[in-house]
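Enquirer: Below are the sequence and a predicted model for it; my questions follow.
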Amino acid sequence: AFIVTDNCIKCKYTDCVEVCPVDCFYEGPNFLVIDPDECIDCALCEPECPAEAIFSEDELPADQVQFVEINADLAGKWPNITEKKDPLPEAEEWDGKPNKLQYLEK
Ligand code: SF4
Ligand code: F3S
């Protein structure tokens, strides 16, 4: 599956959801996740993310491995999102800041 990682937090650009052929993105207050059971590994979402926050599970940076479980867990709790919306107001400011997991709202 593809995994949404740390840099999405507090940005949530949502460009990714528009291209997913199986609509497997789920939305929380300041982060999105991909349902790993629904993702068909088409790779279409990866280049769409302005924050470069989406990775194939096979190419996940070592410090992002914890997001495998976070995506699987939260996909079962959050509502589906299929249409792009405005990014979070401070998205540009937060884009690229490291270790945003501490700010994840569930
Ligand atoms: Fe959707 Fe394809 Fe991205 Fe998986 S890889 S989340 S199926 S767009
Ligand atoms: Fe997040 Fe990137 Fe999608 S910032 S909402 S994974 S476009």
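Expert: Cool, the structure landed. Numbers count the residues shown, from 1 in each chain. Ligands and ions are numbered 1, 2, ... in the order given.
Enquirer: Glu57 and Glu69 touch, don't they?
Expert: No: the criterion here is CB atoms under 8 Å, and Glu57 misses it with Glu69 at 11.3 Å. (Each C-beta comes from the backbone N, C-alpha and C, glycine too.)
Enquirer: Mind checking which of the two has more residues around it?
Expert: Glu57 (17 against 11; other CB atoms under 10 Å).
Enquirer: Please report the distance of the residue lying farthest from the centre of the chain from ligand 2.
Expert: Computed with CA atoms, centre = their mean, the residue of the chain farthest from its C-alpha average is Glu93, at 17.7 Å. Glu93 sits 13 Å away from ligand 2, going by CB to the nearest ligand atom, to the nearest Å.
Enquirer: Look up phi and psi at that residue.
Expert: phi -60, psi -40 (degrees, to the nearest 10).
Enquirer: Quick one: residues contacting the closest residue to Ile40 other than its chain neighbours.
Expert: Closest residue to Ile40 apart from its sequence neighbours, by CB to CB, 6 or more residues apart in numbering: Val22 at 5.6 Å. By CB atoms under 8 Å, 6 or more residues apart in numbering, the residues touching Val22 are 38-40.
Enquirer: Of those - the most surrounded one?
Expert: Greatest neighbour count in these, by other CB under 10 Å, goes to Cys39: 21 neighbours.
Enquirer: doesn't that residue fall inside a strand?
Expert: No: secondary structure of Cys39 (DSSP: H, G, I helix; E, B strand; the rest coil): coil, not part of a strand.
Enquirer: Excluding sequence neighbours, find me the nearest residue to it.
Expert: Once flanking residues are discounted, Cys39 sits nearest to Ala1: 4.1 Å by CB to CB, 6+ apart.
Enquirer: Can you report how many residues lie near the one you found?
Expert: Residues near Ala1, counting by other CB under 10 Å, number 18.
Enquirer: re the thing from before, in a markdown table: the contacts of Val22, plus distance to Asn30 and pLDDT.
Expert: Conversion of the contacts of Val22 to a markdown table gives the following (distance: CB to CB, whole Å; pLDDT from 0 to 100):
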| residue | distance to Asn30 | pLDDT |
| --- | --- | --- |
| Glu38 | 22 | 98 |
| Cys39 | 21 | 98 |
| Ile40 | 26 | 98 |
